[in-house]
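1. Pasting the sequence and the predicted model now:
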Protein chains: 2
Amino acid sequence: MEAFDRYTTLINDSLNNIEWSDQKLYDPMKYILKNGGKRIRPSLTLVGAELAGARAEDAISQALAIELFHNFSLMHDDIMDRADLRRGKATVHKQWDEPTAILSGDGMMVMAYQYLIRNAFESTPKLIRIFSKMALDVCEGQMKDMDFEQTIPSMDEYIDMIRQKTAVLLGAALQIGYLIGKDDETSASRLYHCGVNWGIAFQIKDDYLDLYGGEKSGKVIGGDILSNKKTVLHLIALSKANEDDIQKLNHWFSNNDRSQEKIEAVKHIYEKYNAHNDCLVMANTYFKNGNNLFNELVLPREPRKRMAKMAEHILQRDY
Amino acid sequence: MEAFDRYTTLINDSLNNIEWSDQKLYDPMKYILKNGGKRIRPSLTLVGAELAGARAEDAISQALAIELFHNFSLMHDDIMDRADLRRGKATVHKQWDEPTAILSGDGMMVMAYQYLIRNAFESTPKLIRIFSKMALDVCEGQMKDMDFEQTIPSMDEYIDMIRQKTAVLLGAALQIGYLIGKDDETSASRLYHCGVNWGIAFQIKDDYLDLYGGEKSGKVIGGDILSNKKTVLHLIALSKANEDDIQKLNHWFSNNDRSQEKIEAVKHIYEKYNAHNDCLVMANTYFKNGNNLFNELVLPREPRKRMAKMAEHILQRDY
């Protein structure tokens, strides 16, 4: 995706140039950051700066802050979710142990704050406020996600969860980048809402791709079904299904069966109620909401085109 | 301790006035903050502000930031140390579960940053830098403390560990309070070093009190020996003992025996080498270092007297 390439290179080069202390606390940070990832979130910070008329380079510290925060949350989430693998490699608490993953994650969040304020001067208080609000949203969202293992959320509750857990980070990434380029809180805040809408679209699409993503993703197809995750597909199906099918879905999700048969059976019910199409329609609605907000903003031509391409890439990716 | 009373009241009142969201993320925060504690660290922030000629009230947000950070670190340390009780009540990961304690601790650290910058205006970047450096020290110190379960540190390594894990928070608490009152980085930094020296004295005394603190502490006497913790007492004894006694100490610390006999036997060896007296001498040396640095500073009379009393209280407490 060419619109991303320049940003990804800049981010990876900057990550490689971090001068790490040789203390053990930092080993898991280096490890998880080396594990790659698409660097979507910090790229949004860089394009955010360009949208405000600045250079991508001017917001590189803030982009690193966003990437450090994202990886802090992955490190801690993996402990909570008891995940053994991330992108094909052992998760930090498996490679080391839980205390190390807790502590190193804590340190990573602190480092995110350090990078956030670098060369930020008088916008520092604003950045800290936006970033901290976002960080609390992410924590609240993760808490809700865990609680949803025990209950069945309404669609509104689910969307609010993914807004907090996933989407606000994309919104804040854009907003922070923009504020580095220009002290215009109104436009920065509008950009935040674009990012939040695109982020919700992104996560809804992610729910879809878990079952329809094919092998490019490197993930187990139907992994969400195997772990009884109530995705958008599941909630749509539950809202439309007859009593018999609701009972079937609840039955499949009431145990730790990890068979291919379970995936096929659940998928069959989802499709019977057109959940896969409804899911794409929902993603598209949030995508368009984001686009509409974006189109209202007066922005420089070239970065605007890049941003539009990136947003489309977020929705159109098929893996 | 009257020098503390006014500060403690101010801090507890302010903690009680926090308007909490009713989301589950915040329940463990309220719980651990209600569990009390001496509020020594935030009190240092308040007296720090007075030392700079401001009112204690002016630094109350920053004092809460210090207390929130302290309790974040307790919440996460308790998971890592597998502690079931804190001040006689179930620890957060026992009262709820580990994911909740990880996440709520994360949120508490974010809140600490939010309080840190309240009404701080142009000193915000400075505060964030000092606070973040301190926070990374605390994480590095906790990592070392855990690693020392597997190895025997030198005395220098041990002191450096307690400096990072415990003392820098006291130093930063004072420094931050002072900076709220006056934009004088030189004096604030000197005050930091006073706090660090007092903090090291505080922790060495804490090692002593584990064995000689009596029942007022509410802790198990000899708890450090039962959990094979290499305290200052232990390191002093190891450095002076003959081969036979070193083997005995290593033997006692090589298993999970939690008998009274173990406490008595280890205590006997400590005292044979005068570790208890050496330990008090060491604590006093750091206390005096702090006092000497403090006496070089030009400070208003009344808060200076209160600070000196508080520092003495830290060292002289017998529980």
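-> Right, received. Where do you want to start?
2. where along chain A do the strands fall?
-> Using DSSP state E, the strands of chain A run over A:85-86, A:89-90.
3. Turn those into a markdown table, including mean pLDDT and mean neighbour count.
-> Just so you know, the C-beta spots here come from the backbone N, C-alpha and C atoms, and that holds for glycine as well. A markdown table is the format used below for the strands of chain A (pLDDT from 0 to 100; neighbours: other C-beta atoms under 10 Å in any protein chain shown):
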| stretch | mean pLDDT | mean neighbour count |
| --- | --- | --- |
| strand A:85-86 | 91 | 15 |
| strand A:89-90 | 95 | 15 |
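4. Quick one, which of those strands gets closest to A:Met155.
-> strand A:85-86 (28.5 Å; C-beta to C-beta).
5. contacts for the closest one?
-> For strand A:85-86, the surrounding residues in contact (C-beta atoms under 8 Å, 6 or more residues apart in numbering or on different chains) are A:32, A:35, A:74, A:78, A:91, A:94.
6. any idea how far A:Leu33 is from the last one?
-> Pointing back at A:Lys94 there. 17 Å (C-beta to C-beta, to the nearest Å).
7. So between these two, which is more surrounded?
-> A:Leu33 (20 against 17; other C-beta atoms under 10 Å in any protein chain shown).
8. Can you lay out the strands of chain A as CSV showing distance to B:Ile246?
-> Putting those into CSV (distance: least, C-beta to C-beta, whole Å) gives the following:
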stretch, distance to B:Ile246
strand A:85-86, 44
strand A:89-90, 38
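9. Among those strands, which comes closest to A:Met161?
-> Per C-beta to C-beta, nearest to A:Met161 of the strands of chain A: strand A:85-86, 21.0 Å.
10. Describe which strands the closest one pairs with in its sheet and in which direction.
-> Using DSSP bridges, strand A:85-86 pairs in its sheet with strand A:89-90 (antiparallel).
11. buried ones in stretch A:33-46?
-> The neighbour-count check on stretch A:33-46 (16 or more other C-beta atoms under 10 Å in any protein chain shown) flags A:33, A:35, A:37, A:39-46 as buried.
12. Between those residues, which sits nearest chain B?
-> Within the buried residues of stretch A:33-46, the smallest distance to chain B is 16.4 Å, found for A:Leu33 (C-beta to the nearest C-beta).
13. Quick check: that closest one vs A:Phe131, distance?
-> Distance, A:Leu33 to A:Phe131, using C-beta to C-beta: 19 Å.
14. among the contacts of strand A:85-86, which one has the lowest pLDDT?
-> When these are sorted by pLDDT, the bottom entry is A:Asn35 at 87.
15. pretty sure it contacts A:Lys89?
-> Yes - judged on C-beta atoms under 8 Å, A:Asn35 makes contact with A:Lys89 at a distance of 5.6 Å.
16. how much space between A:Leu209 and A:Ser259?
-> For A:Leu209 relative to A:Ser259 (C-beta to C-beta), the value is 21 Å.
17. Please say which of the two ends up with more neighbours.
-> Using other C-beta under 10 Å, the more surrounded residue of A:Leu209 and A:Ser259 is A:Leu209, with 19 against 10.
18. For the closest residue to A:Leu226 other than its chain neighbours, give me the backbone phi and psi.
-> Nearest residue to A:Leu226 in three dimensions, chain neighbours excluded: A:Arg258, at 4.8 Å (C-beta to C-beta, 6 or more residues apart in numbering or on different chains). A:Arg258 adopts backbone torsions of phi -120, psi 40, taken as degrees, to the nearest 10.
19. Measure how buried A:Arg258 is and give me the count.
-> Number of residues near A:Arg258 (other C-beta under 10 Å) recorded here: 13.
20. and what of the one 4 residues further on?
-> Each residue near A:Lys262 was counted by other C-beta under 10 Å, and the total is 18.
21. you'd agree it is up against A:Trp252?
-> Yes - between A:Lys262 and A:Trp252 there is a contact under C-beta under 8 Å: 5.6 Å.
22. Would you mind grabbing the residues shared as contacts by the two?
-> Common contact partners of A:Lys262 and A:Trp252 (C-beta under 8 Å, 6+ apart): A:Ile225.
23. near chain B, which residues of the stretch 1-150 of chain A show up?
-> Residues of the stretch 1-150 of chain A that fall close to chain B, judged by C-beta under 8 Å from any C-beta of the partner chain: A:21, A:23-25, A:76, A:79-80, A:98-100, A:102-107, A:109-111, A:113-114, A:117, A:120-122, A:124-125, A:128-129, A:132, A:135-136, A:139-140, A:142-143, A:146-147.
24. Write a PyMOL command that selects only the buried members of the residues you listed.
-> In PyMOL, this line selects whichever of these come out buried by 16+ other C-beta under 10 Å:
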select buried, chain A and resi 24+25+76+79+80+99+100+102+103+104+105+106+107+109+110+111+113+114+117+120+124+125+128+132+135+136+139+140+142+143+146
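25. Inside helices: which ones of the residues of the stretch 1-150 of chain A next to chain B?
-> The helices, defined by DSSP state H, take in A:76, A:79-80, A:98-100, A:102-107, A:109-111, A:113-114, A:124-125, A:128-129, A:132, A:135-136, A:139-140, A:142-143, A:146-147 from those.
26. Report the separation between the closest residue to A:Ile314 other than its chain neighbours and chain B.
-> Using C-beta to C-beta, 6+ apart and skipping the chain neighbours, the partner closest in space to A:Ile314 is A:Phe202 (4.8 Å). Distance of A:Phe202 to chain B, computed by C-beta to the nearest C-beta, to the nearest Å: 22 Å.
27. Please look at A:Phe202 and A:Gln316 and confirm they touch.
-> No - the pair A:Phe202 and A:Gln316 does not pass the contact test of C-beta under 8 Å, sitting 10.9 Å apart.
28. who's more crowded, those two?
-> Remark: of A:Phe202 and A:Gln316, A:Phe202 carries more neighbours, 23 against 11, as counted by other C-beta under 10 Å.
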